[in-house]
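Chemist: Kindly return the folded structure for what I paste below:
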Amino acid sequence: MKESIVQKKSFEFSFKIIALYKQLQQEKEFVISNQILRSGTSIGANIEEALAGQSKRDFIAKMSIS
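Modeler: This is a model prediction of the structure:
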């Protein structure tokens, strides 16, 4: 299967989000850091679901969420 550019970029973005999360945790910004971690890493999870979609319509619907 051909590698997806969107998948690769979302994976790299997740690493940056995790680094930001760790920095915010050190600064005792717990609430915003947890929200950033959840929202920033969910993009990649949604893209993975879209790539595993059962139809083109399913792919489009799930990709629009991410």
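Chemist: Find the nearest non-adjacent residue to Ser10, please.
Modeler: Gly44 (4.2 Å; Cβ to Cβ, 6 or more residues apart in numbering). Just so you know, the C-beta spots here come from the backbone N, C-alpha and C atoms, and that holds for glycine as well.
Chemist: for Gly53, same thing?
Modeler: Per Cβ to Cβ, 6+ apart, closest to Gly53 is Phe59, 3.8 Å.
Chemist: same check, this time on Glu48
Modeler: Glu48 sits nearest to Gln7 (Cβ to Cβ, 6+ apart), 7.4 Å away.
Chemist: The least confident helix or strand in the chain by mean pLDDT: how far from the chain's middle?
Modeler: Ranked by mean pLDDT, DSSP states H and E, the helix or strand of the chain with the weakest confidence is helix 56-65, at a mean of 90. The chain centroid and the centroid of helix 56-65 are separated by 15 Å under Cα atoms, centre = their mean, to the nearest Å.
Chemist: List the contacts of that helix.
Modeler: Outside helix 56-65, the residues within contact range by Cβ atoms under 8 Å, 6 or more residues apart in numbering are Val6, Asn46, Ile47, Glu49, Ala50, Leu51, Gly53.
Chemist: In PyMOL, select just the buried ones from those residues.
Modeler: Provided next is the PyMOL selection string for whichever of these are buried by 16 or more other Cβ atoms under 10 Å:
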select buried, resi 47+49+50
